[in-house]
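Enquirer: what follows is a predicted protein model with its sequence.
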2 protein chains.
Amino acid sequence: MASVVELKASRASAKAVGETRFSRRRASIITSAAQVFGRKGFHGATLDEIAARLDVTKASLYYYFSTKEELLYEVHLLSMQGVIKGLEHARATFDSPVEQLQEAVRSHIQVLADDYEGAFLLQQEYELPDAFRAEIVRLRDRYEHMLLDIIQEGVRKRLFRVKDARIVARMILGAVNWFVRWYRRDGRLTADEIADAYTDAILYGLLVTSKADAPVVSARVLTPASKAAARRRRGAPINGGRG
Amino acid sequence: MASVVELKASRASAKAVGETRFSRRRASIITSAAQVFGRKGFHGATLDEIAARLDVTKASLYYYFSTKEELLYEVHLLSMQGVIKGLEHARATFDSPVEQLQEAVRSHIQVLADDYEGAFLLQQEYELPDAFRAEIVRLRDRYEHMLLDIIQEGVRKRLFRVKDARIVARMILGAVNWFVRWYRRDGRLTADEIADAYTDAILYGLLVTSKADAPVVSARVLTPASKAAARRRRGAPINGGRG
């Protein structure tokens, strides 16, 4: 199996000789693969079927990809690059962490909705060989960290109040990633309308009760005494001192 | 392959002859299977390995289960029954939808944290043969509906304000299901502390801004005119008229 580095090198040289056609062709194969994986599962999908959808032979696929695992990696990579690009755009476009978070959620949902039916493969990275998986996990960690940065900046600017920024970042990631499990293109709402309902709930919460009842500082700077006071104010159960 | 009904019948007769030992043994096999599936993936796992962990022969497994698919089904079933039981308990114990929702989230996270390492298999129902999958999907729909009921009751009682109750129910399910993707038993926080950070964010939202700025009624009863007014009040982007 070629390493990620070798694959990158082979792609770099392919780029030099005819980037546009090669890239376009590769992209259409990745899209087709994602759709077949999405319907059949990684193990149920065959290269024959992926080739048939594109009206090419299986042999011609091997010019672009060596293995089914490499295709799965590319499907992951395309989604990860899409959501990272969206988040970078959100940070570059807006000053406020509030708008950055709104835009990040909207863009993440749009990438998953647009790109292909098979986007839920994002959640099957354990099928990947080690070198590929390490690269995807690295990108995912980077993405999570960027999202965490937005939340932490919001806390520093006293725009956000969270009990634990890391947990909340993962909670939001779970909420948006799960979207691909139930979204249908012909459903009741557009991806943008769904994103709007998401960001509303994430920013404002479900409770009608004024946020003035909740502690206004991050749990990070709560002392045990202020925590106990917060607990009394909130009337909500809270466990242990590690929150 | 035995149908779900036949399997239920065979289990009913097994129960009659010696429920405790049979059930205990089955439960320990399901737990072992979940752990092996969790580490190796469904396709990577073998019945040999599952048997070896229990220090029994593969042949003796067949007294309890016919196929690997049946074991995967049982792993799903155990989790689904666990979260449904937790939600029913939440509804029976608390009057307020606020506390019901808090307890439902806490209990869901606890089931996933407690039961076994392989709980993320909950998300691999597409590997199941049709009859098994239909049963799991039926239970999942029932669970989602119960969660939706709590949210809708909260909206009716003017305790909750959401843009779209169905979307918010799925968002919460995604957030809690994703938990198994990153939770580690030896991690920084206990499952209860994580649940506490989740419910805090779900109920209060991230924004420090008072909820008084947000519209206090459900999107379900907003007219186009009041929607436009809400949009101006919120200053948040909103798309289309279907939200």
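Expert: Great, that's in hand. The shown structure was predicted, so the numbers you read here are calculated from the model rather than taken from an experiment.
Enquirer: not counting sequence-adjacent ones, nearest residue to residue A:81?
Expert: residue A:139 (7.6 Å; C-beta to C-beta, 6 or more residues apart in numbering or on different chains). For glycine as for every other residue, the C-beta is placed from the backbone atoms N, C-alpha and C.
Enquirer: so who does residue A:21 touch?
Expert: Shown in contact with residue A:21 (C-beta atoms under 8 Å, 6 or more residues apart in numbering or on different chains): no residues.
Enquirer: ok so, going back, hmm, residue A:82 and the residue nearest to residue A:81 touching each other?
Expert: No. Using C-beta atoms under 8 Å, residue A:139 is not in contact with residue A:82, being 10.9 Å away.
Enquirer: hang on, the residue nearest to residue A:81 in a helix?
Expert: Yes. Counting by DSSP: H, G, I helix; E, B strand; the rest coil, residue A:139 is part of a helix.
Enquirer: stretch A:191-204 and chain B, are they touching?
Expert: Yes. Stretch A:191-204 reaches chain B (C-beta under 8 Å from any C-beta of the partner chain) through A:192, A:193, A:194, A:196, A:197, A:198, A:199, A:200, A:201, A:202, A:203, A:204.
Enquirer: how far off centre is that stretch?
Expert: Distance of stretch A:191-204 from the chain centroid (C-alpha atoms, centre = their mean, to the nearest Å) equals 16 Å.
Enquirer: the residue nearest to residue A:81: neighbour count?
Expert: Residue A:139 is flanked by 17 other residues according to other C-beta atoms under 10 Å in any protein chain shown.
Enquirer: and what of residue A:66?
Expert: Using other C-beta under 10 Å, the number of residues around residue A:66 comes to 14.
Enquirer: and it, how far from residue A:193?
Expert: 41 Å (C-beta to C-beta, to the nearest Å).
Enquirer: do the same with residue A:178
Expert: According to C-beta to C-beta, residue A:178 stands 17 Å off from residue A:193.
Enquirer: just residue A:134 next, same as before
Expert: 37 Å.
Enquirer: what of residue A:82?
Expert: Note on residue A:82: its distance to residue A:193, by C-beta to C-beta, is 20 Å.
Enquirer: more crowded one of those two?
Expert: residue A:193 (21 against 18).
Enquirer: rewinding a little: dump the residues of stretch A:191-204 next to chain B to CSV, plus pLDDT and secondary structure.
Expert: Below are these laid out as CSV (pLDDT from 0 to 100; DSSP: H, G, I helix; E, B strand; the rest coil):
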residue, pLDDT, secondary structure
A:192, 95, helix
A:193, 96, helix
A:194, 97, helix
A:196, 97, helix
A:197, 97, helix
A:198, 97, helix
A:199, 97, helix
A:200, 96, helix
A:201, 97, helix
A:202, 97, helix
A:203, 96, helix
A:204, 95, helix
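Enquirer: what residues sit buried inside stretch A:85-105?
Expert: Residues of stretch A:85-105 classed as buried by neighbour count (16 or more other C-beta atoms under 10 Å in any protein chain shown): A:86-87, A:90-91, A:94, A:97-105.
Enquirer: what ranges in chain A fall below the confidence cut-off?
Expert: Residues of chain A that meet the criterion pLDDT under 70 lie in A:1-19, A:115-124, A:210-243.
Enquirer: now do the helices in it.
Expert: Using DSSP state H, the helices of chain A run over A:4-44, A:47-54, A:58-61, A:68-93, A:97-115, A:130-156, A:165-182, A:191-204, A:224-234.
Enquirer: domain parsing for chain A?
Expert: A:8-66, A:69-208 (automatic domain parsing).
Enquirer: could those be laid out in CSV, adding distance to residue B:166?
Expert: Formatted as CSV, those follow (distance: least, C-beta to C-beta, whole Å):
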stretch, distance to residue B:166
domain A:8-66, 23
domain A:69-208, 8
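Enquirer: go through these and name the closest to residue B:50.
Expert: Counting by C-beta to C-beta, residue B:50 lies closest to domain A:69-208 out of the domains of chain A; the figure is 17.8 Å.
Enquirer: am I right that residue A:128 is in contact with residue A:69?
Expert: Yes. Residue A:128 is within contact range of residue A:69, at 6.1 Å (criterion: C-beta under 8 Å).
Enquirer: so which of the domains of chain A is the most packed in?
Expert: domain A:69-208 (a mean of 20; mean count of other C-beta atoms under 10 Å in any protein chain shown).
Enquirer: quick revisit: and the buried residues of stretch A:85-105, which two are the farthest apart?
Expert: Of all pairs in these, the most separated under C-beta to C-beta is A:86 and A:98 at 16.6 Å.
Enquirer: starting at the chain centroid, how far to stretch A:52-62?
Expert: The mean C-alpha position of stretch A:52-62 is separated from the chain mean by 29 Å, C-alpha atoms, centre = their mean.
Enquirer: using PDB, write out every CA atom in it.
Expert: Extracted C-alpha coordinates of stretch A:52-62, given in PDB (Å, rounded to 0.1, in the frame of the first residue of the first chain):
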ATOM      1  CA  ALA A  52     -20.300   1.100 -13.900                       C
ATOM      2  CA  ARG A  53     -21.900   4.300 -12.600                       C
ATOM      3  CA  LEU A  54     -19.300   6.300 -14.500                       C
ATOM      4  CA  ASP A  55     -19.600   4.200 -17.600                       C
ATOM      5  CA  VAL A  56     -15.900   3.300 -17.500                       C
ATOM      6  CA  THR A  57     -14.000   0.000 -16.900                       C
ATOM      7  CA  LYS A  58     -12.700  -1.000 -13.600                       C
ATOM      8  CA  ALA A  59      -9.200  -1.100 -15.100                       C
ATOM      9  CA  SER A  60      -9.400   2.600 -15.900                       C
ATOM     10  CA  LEU A  61     -10.200   3.400 -12.200                       C
ATOM     11  CA  TYR A  62      -6.700   2.000 -11.300                       C
END
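Enquirer: quick one, phi/psi of the residue lying closest to residue A:161 once chain neighbours are set aside?
Expert: Closest residue to residue A:161 apart from its sequence neighbours, by C-beta to C-beta, 6+ apart: residue B:208 at 5.0 Å. Note on residue B:208: backbone dihedrals following degrees, to the nearest 10 are phi -70, psi -30.
Enquirer: wait, doesn't residue B:208 sit right on residue A:158?
Expert: Yes. If you go by C-beta under 8 Å, residue B:208 and residue A:158 touch, sitting 6.0 Å apart.
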